[in-house]
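Novice: Provided below for reference: sequence and predicted model.
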Amino acid sequence: MAQVSSSGYPALFVAAVTRVLANEGGYTSLANDPGGETKFGISRRDYPNLDIASLARDEAIAIYFRDFWSAGRYAELPEGIAVKLFDLSVNMGPGHAVRCIQRALRACEIAVIEDGALGNGSIAAANRAEGSALLAALRSEAASFYRVTAELSARERDGGEAEFLAGWLNRAYQ
């Protein structure tokens, strides 16, 4: 896994974005990908005015820092959870990823509201939880989300995202 230059970025972000870039890979333009043209995980759907094919790796990292990391409060979480949740947020969207960790916290017998917002209560709960149990529960919740997404896609869109399930499950259990 190629490391990201730490030029000015916090070490935890560097670890998280390195994971994301390894999972997302380079340029793709797959017919069944709802994100459309994608490079380094940055999609045409989310960035319609960006020249995706010409996107440089450092530009993608800057987007992740600005639009995901800085906006998401990941740095306030335990390290392993921060890296995992950031990676899931990039792939499934922040709201879905945060619901996964909130459900994982409930599986660890820590009551939180499942609202999809990484607020003070969810952050405090994640910091109180036993790390390995929370990470295992988060992986399970992510896998469940991916399975349901693929099943719905197969039913509603003649396959669609179902073809991505194996990769998503690898990402969930990573």
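Specialist: Structure received.

Novice: pLDDT averaged over stretch 93-103 - what is it?
Specialist: Averaged over stretch 93-103, pLDDT sits at 97.

Novice: Only the buried residues of the helix ranked longest in the chain, if you could.
Specialist: Ranked by number of residues, the top helix in the chain under DSSP state H is helix 131-156. Using 16 or more other Cβ atoms under 10 Å as the burial criterion, the residues of helix 131-156 that qualify are 134-135, 137-143, 145-146, 149-150, 153. C-betas here are computed from N, CA, C, even on glycine.

Novice: So what touches stretch 97-113?
Specialist: 81, 85, 88-89, 91-92, 114-118, 121-122, 125-126, 128-130, 133-134, 137-138, 140-142, 145 (Cβ atoms under 8 Å, 6 or more residues apart in numbering).

Novice: how near is R106 to S140?
Specialist: Using Cβ to Cβ, to the nearest Å, R106 is found at 12 Å from S140.

Novice: for L134, same thing?
Specialist: From L134 to S140 the distance is 11 Å (Cβ to Cβ).

Novice: The worst-scoring helix or strand of the chain on mean pLDDT: which residues count as buried?
Specialist: Sorting the helices and strands of the chain by mean pLDDT, DSSP states H and E puts helix 165-173 at the bottom, at a mean of 75. Judged by neighbour count (16+ other Cβ under 10 Å), helix 165-173 contains these buried residues: 165, 168-169, 171-172.

Novice: Pretty sure N91 sits against N170.
Specialist: No - using Cβ atoms under 8 Å as the test, N91 is too far from N170 to be in contact (11.3 Å).

Novice: quick one, phi/psi of Y27?
Specialist: With angles defined as degrees, to the nearest 10, Y27 sits at phi -80, psi 130.

Novice: Now do the contacts for it.
Specialist: Counted by Cβ under 8 Å, 6+ apart, Y27 has contacts 37-39, 52-53.

Novice: Closest one to L21 out of those, please.
Specialist: K39 (10.6 Å; Cβ to Cβ).

Novice: so who does that closest one touch?
Specialist: By Cβ under 8 Å, 6+ apart, the residues touching K39 are 26-28, 52-53, 55, 60.

Novice: Can you report phi and psi for it?
Specialist: phi -140, psi 130.

Novice: Show me the shaky parts of this protein.
Specialist: 1-6, 153-163 (pLDDT under 70).

Novice: Can you tell me the element the closest residue to E79 other than its chain neighbours falls in?
Specialist: Nearest non-adjacent residue to E79, counting by Cβ to Cβ, 6 or more residues apart in numbering: L12, 6.2 Å away. Element membership for L12, per DSSP states H and E: helix 11-24.

Novice: can you pull the buried residues of that helix?
Specialist: Buried-residue list, helix 11-24, by 16+ other Cβ under 10 Å: 12-21, 23-24.
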